[in-house]
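**Q** Give me the fold of what follows.
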Amino acid sequence: MKSLKFDLNNMFSHAVGTKHGVTDKDLAVIAPAAKKALAHIGKLLSSEKNRVGIGLEWTRLPYQDKENITKLQKLGDEIAASYDNVISLGIGGSYLGLKAAQDALRSPYYNDFPDVRRGRPRVYFEGNNLDPDTLSVLIKNLDPKKTFLIIISKSGETAEPKAAFTVIEEWLRAGAGAAYGRQIMAITDPASGSLRMRVKEEQSRDPLSFRNLPVMKGVGGRFSELNVGLLLMAIAGINIQDVLDGGAAMLERCLKSRLDKNPALMYAALNTVLYRKKGKSIAVMMPFSETLKSTADWYVQLLAESLGKKYARKIKISEDGRETWCPDLRKVVNVGRTPIPARGTNDLHSIQQNNIEGENNKTVTFIRVENFKSDIELRGTGDFLSGHRYSELLSVAEEATEWALVRESKPNCTIVVPEVTPFSWGEMILFFEMATAYEGELLGINAYDQGGVEGYKNYMYYKLKKPGMAEGIVKEIRRNPLKKKSKYIISA
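**A** As a prediction, this is how the structure comes out:
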């Protein structure tokens, strides 16, 4: 089976010049740090306590017990055979990874045409925003008796999925009858949290109600697709063992000791040089495939939440080798490249103008697919398009985009996918996760926390009078109110 290829030529000075590209000297300078990053990650991965404690247990997801995976695939088939619709509630990693898998590995227009679903249910994603219009339309047009609900929330307290769950549970109760809980699957913390407590409460009354699966310990949301996303893949008819096998194969490649044989470490090293030394602070992810656009959206969360950090990392090591990471409050760094999702060829008519003629502060990562599941030949046009296939046009457009960027000394690289399959998509997921882990090491930050996300949540919970808030947080909000001056508000 062919694996992903990584064409990194256009990141180097021989393509885009010494001012904007990585030189041999640059690579030699960062090589010791890359070697140290590899060694540190390898050491952490060898210790279950460190993997779980720090948040690296996602590296074990490709190696899940095959018997359990077979059971999960069967459960997905059973749900698919029983319901016309599935609603998946989740936000962040509990949404973006699932949507990415759905779009990449199922047919385009999956919900629209029964023939492309092949007997599988329609899938709708909610609980990822607080817009009332989308949820209102959805529950007005679905039959609750024919709808299965998946709620994904580690704590059960995140506002967006919690609010959606409240609405949809009431809708199911009213429309599906007293046993509506049998149409609900909760994916949540195995031991604690309000959703786990609710599962225990409902199952004490009806063991078949509120079935559940665990969010695995040490697996953060943005790294959790191969945990919380597996059931939905199974429901949609995706071979989840193939996805895991692809992830395992890529993980092996990304632990190789040689920098030039380790694609994730090389990608991280090159982007770190370009960011720290060449001013490339923006990362554009541009797949030349409509079905991979959601994968680019998933990558935006992965990179932004993992690497956008205010403080450097402080490491404490106990006598037994267990590491504890915390923010070094004395060392403000404010680091992290800013990711932007795009897609070819659509965004060649929008963001590409800025990529070419705007500030040279970006790297662009292309994803090129060599073989599509179908193709279309243009016949009888009588012009330069005549006789060419869509796949050929797309490939030429990607090559042309590389050329145009190189001409303007704009660094870029290309991930070449033989074909978008469960195996190759699993490879992509683990590649980007490992590259992000290495980049976090090179930046000296904690890639597995997300303190910046908590700010809006705390303020929102304060305004909504959520009980049990820490007094320190309450005092901070009260001491620092949001101030608005009327003279800066323009109205009719």
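**Q** Run through the helices of the stretch 251-400 of the chain in chain order.
**A** 263-276, 293-307, 351-357, 390-407 (DSSP state H, counting those that start in this stretch).
**Q** and the gap between the spatially closest residue to residue 83 that is not a sequence neighbour and residue 176?
**A** Nearest residue to residue 83, sequence neighbours excluded (Cβ to Cβ, 6 or more residues apart in numbering): residue 148, at 4.3 Å. For glycine as for every other residue, the C-beta is placed from the backbone atoms N, C-alpha and C. Distance, residue 148 to residue 176, by Cβ to Cβ, to the nearest Å: 10 Å.
**Q** where do the contact lists of the two overlap?
**A** Counting by Cβ atoms under 8 Å, 6 or more residues apart in numbering, the residues touching both residue 148 and residue 176 are residue 183.
**Q** worst-scoring helix or strand of the chain, pLDDT-wise?
**A** In the chain, the helix or strand scored least confidently by mean pLDDT, DSSP states H and E is helix 451-463, which has a mean of 83.
**Q** What lies in contact with the helix or strand following that one?
**A** As assigned by DSSP states H and E, the chain's next helix or strand after helix 451-463 is helix 471-479. Applying Cβ under 8 Å, 6+ apart, the contact partners of helix 471-479 are 458, 459, 462.
**Q** ditto for stretch 436-445
**A** 30, 33-34, 36-38, 40-41, 56, 264-265, 267-269, 271-272, 302-303, 306-307, 309, 311-313, 333, 335-336, 446-448.
**Q** how close does residue 427 sit to residue 468?
**A** Counting by Cβ to Cβ, the gap from residue 427 to residue 468 is 43 Å.
**Q** ditto for residue 491
**A** 38 Å.
**Q** same thing with residue 359?
**A** Taken as Cβ to Cβ, the span from residue 359 to residue 468 is 46 Å.
**Q** Looking at those two, which one has more neighbours?
**A** Counted by other Cβ atoms under 10 Å, residue 359 and residue 468 do not tie: residue 359 has more neighbours, with 10 against 6.
**Q** which residues of this protein score low on pLDDT?
**A** For the chain, no stretch has pLDDT under 70.
**Q** How is it divided into domains?
**A** Domain assignment for the chain by automatic domain parsing gives 5-56+241-443, 58-239, 451-488.
**Q** Excluding sequence neighbours, find me the nearest residue to residue 223.
**A** Nearest to residue 223 is residue 58, by Cβ to Cβ, 6+ apart, at 3.8 Å.
**Q** does residue 418 count as helix, strand or coil?
**A** Per DSSP: H, G, I helix; E, B strand; the rest coil, the local secondary structure of residue 418 is strand.
**Q** Am I right that it is in contact with residue 2?
**A** Yes - using Cβ atoms under 8 Å, residue 418 makes contact with residue 2 at a distance of 4.0 Å.
**Q** Which of those two has more residues huddled nearby?
**A** Comparing residue 418 with residue 2 by other Cβ under 10 Å, the one with more neighbours is residue 418, at 16 against 13.
**Q** Let me know the distance separating that one from residue 233.
**A** 20 Å.
**Q** Ok, residue 154 next?
**A** In terms of Cβ to Cβ, residue 154 sits 19 Å off from residue 233.
**Q** ok, the most centrally placed residue in the chain - contacts?
**A** Residue closest to the average C-alpha location in the chain (Cα atoms, centre = their mean): residue 298, at 3.1 Å. Residue 298 is in contact with 96, 97, 99, 100, 225, counting by Cβ under 8 Å, 6+ apart.
**Q** Pick out the most distant pair among these.
**A** By the measure Cβ to Cβ, 99 and 225 form the most distant pair in these, at 10.0 Å.
**Q** my guess is residue 30 meets residue 275, correct?
**A** No - Residue 30 is not in contact with residue 275 according to Cβ under 8 Å; the separation is 11.2 Å.
**Q** In stretch 290-303, which residues are buried?
**A** By neighbour count with 16 or more other Cβ atoms under 10 Å, stretch 290-303 contains the buried residues 291-303.
**Q** cool, stretch 19-31 as well?
**A** Quick answer for stretch 19-31 (16+ other Cβ under 10 Å): 20, 21, 22, 23, 26, 27, 30.
**Q** Can you give me the distance of the residue of the chain positioned farthest from its centre to residue 394?
**A** Distance from the C-alpha centroid of the chain, by Cα atoms, centre = their mean, peaks at residue 382 (43.5 Å). Residue 382 sits 22 Å away from residue 394, going by Cβ to Cβ.
**Q** The buried residues of stretch 19-31: which two are farthest apart?
**A** Farthest-apart pair in the buried residues of stretch 19-31 is 20 and 30; separation 16.4 Å (Cβ to Cβ).
**Q** so who does the nearest residue to residue 64 once chain neighbours are set aside touch?
**A** Spatially, and ignoring its direct neighbours in sequence, residue 64 is nearest to residue 244 (6.4 Å; Cβ to Cβ, 6+ apart). Applying Cβ under 8 Å, 6+ apart, we find residue 244 in contact with 61, 62, 63, 64, 69, 226, 426.
**Q** Looking at the residues you listed, which one is closest to residue 432?
**A** Comparing the contacts of residue 244 against residue 432 with Cβ to Cβ places residue 426 closest, at 11.4 Å.
**Q** What sits closest to that closest one if chain neighbours are left out?
**A** Looking at residue 426 with Cβ to Cβ, 6+ apart, the closest residue is residue 246, at 2.8 Å.
**Q** I'd guessed that neighbour sits against residue 427; true?
**A** Yes - using Cβ under 8 Å, residue 246 is in contact with residue 427, at 4.3 Å.
**Q** What strands line up against the strand ranked longest in the chain, and which way round?
**A** Ranked by residue count and defined by DSSP state E, the top strand of the chain is strand 323-335. If you go by DSSP bridges, strand 323-335 pairs up with strand 309-317 (antiparallel).
**Q** Strands of this structure, residue ranges please.
**A** 5-7, 85-89, 122-126, 147-152, 184-188, 211-214, 282-288, 309-317, 323-335, 338-341, 362-371, 412-419.
**Q** Of all those, which one is nearest residue 434?
**A** Proximity to residue 434 (Cβ to Cβ) singles out strand 5-7 among these, at 12.4 Å.
**Q** Check the burial of the nearest residue to residue 272 once chain neighbours are set aside by counting its neighbours.
**A** Among residues not flanking residue 272 along the chain, residue 442 sits closest, at 4.5 Å (Cβ to Cβ, 6+ apart). Applying other Cβ under 10 Å, we find 21 residues neighbouring residue 442.
**Q** Look up how far residue 290 lies from residue 442.
**A** For residue 442 relative to residue 290 (Cβ to Cβ), the value is 33 Å.
**Q** can you check residue 147 too?
**A** Counting by Cβ to Cβ, the gap between residue 147 and residue 290 amounts to 27 Å.
**Q** Kindly report the same for residue 249.
**A** Residue 249 is 26 Å from residue 290, by Cβ to Cβ.
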